[in-house]
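Asks: Here is my input; please provide its structure:
(chains A and B)
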Amino acid sequence: NAGVMQNPRHLVRRRGQEARLRCSPMKGHSHVYWYRQLPEEGLKFMVYLQKENIIDESGMPKERFSAEFPKEGPSILRIQQVVRGDSAAYFCASSPSTDSNQPQHFGDGTRLSIL
Amino acid sequence: RKEVEQDPGPFNVPEGATVAFNCTYSNSASQSFFWYRQDCRKEPKLLMSVYSSGNEDGRFTAQLNRASQYISLLIRDSKLSDSATYLCVVRLHGKSTFGDGTTLTVKP
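Replies: Residues are numbered from 1 along each chain as shown, chains lettered A, B, ... in the order given. Presented below is the predicted three-dimensional model:
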């Protein structure tokens, strides 16, 4: 499967715990994007990363959220001290280059539920 | 004002109908444009890129008017399988901004 891989598909956490969401881009893609879709809402941009660099984090909440894309391994979206409002679908997308004409391809998403 | 605005919908049409969706965007510097579809809040899937010259893919035709900052999607001969939420997407420097989507239901 050469598509964007996200895991886990579903994640349940209690308030105050940490959530770690993983994304492996398509083979040959070095650009990763995270989006969040709250219930009954559209997708909202969170962060754009290249290997070892954050390019644009203008959509990331200032507190509790962080993202990384290390030289080796998947991109990680980390949410500390989760709250009920963090319950959402988190989608990762990847593209091969900075060329804006290259469409982004999405993974299946991680559904995060906070108890 | 939202950066990307779409028809509110929902659209309920019979099989075989032609349906058109509209989308406007606010940032004139936007670089590229796409239509995606999303089924039952699963992952968005690319439907087609949108070019100023207009482009067609089977029953689907997309059009971009940069002067008016307007994007359209036309679906001809609607099928039951076209039922989904259609998302207008505008990109600038890698960041994609999504419209809230327009829901289409095609009925037998």
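Asks: gap between the two ends of stretch A:48-62?
Replies: The distance separating the two terminal residues of stretch A:48-62, taken as CA to CA, to the nearest Å, comes to 15 Å.
Asks: what's the closest non-adjacent residue to the residue of chain A most remote from its centre?
Replies: Largest separation from the mean C-alpha position in chain A: A:Asn101, at 21.3 Å (CA atoms, centre = their mean). The shortest distance from A:Asn101 to any non-neighbouring residue, by CB to CB, 6 or more residues apart in numbering or on different chains, is to B:Ser32 (5.1 Å). All C-beta atoms are positioned from the backbone trio N, CA, C, and that covers glycine.
Asks: do A:Val32 as well
Replies: Spatially, and ignoring its direct neighbours in sequence, A:Val32 is nearest to A:Ser75 (4.5 Å; CB to CB, 6+ apart).
Asks: my read: the one you found touches A:Ala67, true?
Replies: Yes - with contacts defined as CB atoms under 8 Å, A:Ser75 counts as touching A:Ala67 at a distance of 6.8 Å.
Asks: Touching both of these two, which residues are there?
Replies: With contacts defined as CB atoms under 8 Å, 6 or more residues apart in numbering or on different chains, the residues shared by A:Ser75 and A:Ala67 are A:Trp34, A:Leu49.
Asks: how about the residues of chain A that lie near chain B?
Replies: Residues of chain A found near chain B (CB under 8 Å from any CB of the partner chain) are A:31, A:33, A:35, A:37, A:41-45, A:48, A:55-56, A:58-59, A:89, A:91, A:93, A:95, A:98, A:100-101, A:103-109.
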